[in-house]
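# Model the following, please.
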Amino acid sequence: MPTGDIVDEDLSVDDAKRLAQEVEREISAVLPSSMLRDIEQQEKGALLGCTRDGARQWAGGLTATVVGDPPPEEVIGVIADHYNNGGNYRVGLRQDQGDSLVNIAGEYGSLWIVRYIRDRAELDVDSFSPCIRLPEGVWPGGSY
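Okay, here's the model as predicted:
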């Protein structure tokens, strides 16, 4: 794992979580509202290690039911195009076990992995905030 400039030294835990969740919602909002229902965003996540020297990132996620069995390019392709055409993100498309995925990488190690599980009619977003330093007294275990 890298160290150094991968850590946002000024971002608080609350702000890191807020940013990760905000982008989760933005990702789902890229698609027409008629395409998704039952959107559930995790209220709590975990603080995962992201550097050898102890920096952490908040990890959480969002799931939604996909309506109408659209092909992957109408789900993952639309999301990838949106993030390719704006913002400071690096976008990568791939397949994993038959599912279409897009990785949306942001600054300071932030990452959103968006998976369309077509046979379950599910959109799954796993998010990882920018790497941050925990303030004194904040225990990295448990849920946050």
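
# averaged over its residues, what pLDDT does the lengthiest strand in the chain have?
Using DSSP state E to define each element, the chain has its longest strand at strand 56-66. pLDDT averaged over strand 56-66 equals 98, rounded to a whole number.

# Could the C-alpha coordinates of stretch 137-144 be exported in CSV?
Provided in CSV are the C-alpha atoms of stretch 137-144 (Å, rounded to 0.1, in the frame of the first residue of the first chain):
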residue,chain,number,x,y,z
GLY,A,137,-9.0,8.7,20.6
VAL,A,138,-10.9,7.4,17.6
TRP,A,139,-10.8,3.6,17.6
PRO,A,140,-10.7,2.2,14.1
GLY,A,141,-12.6,-1.0,14.9
GLY,A,142,-16.3,-1.5,14.9
SER,A,143,-18.8,0.4,12.8
TYR,A,144,-18.8,4.1,12.1
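
# hang on, the earlier thing: other SSEs contacting the longest strand of the chain?
Applying 3 or more CB pairs under 8 Å, 6 or more residues apart in numbering; DSSP states H and E, one finds that strand 56-66 contacts helix 13-30, strand 36-41, strand 46-49, strand 122-128. (C-beta placed from N, C-alpha, C; glycine too.)
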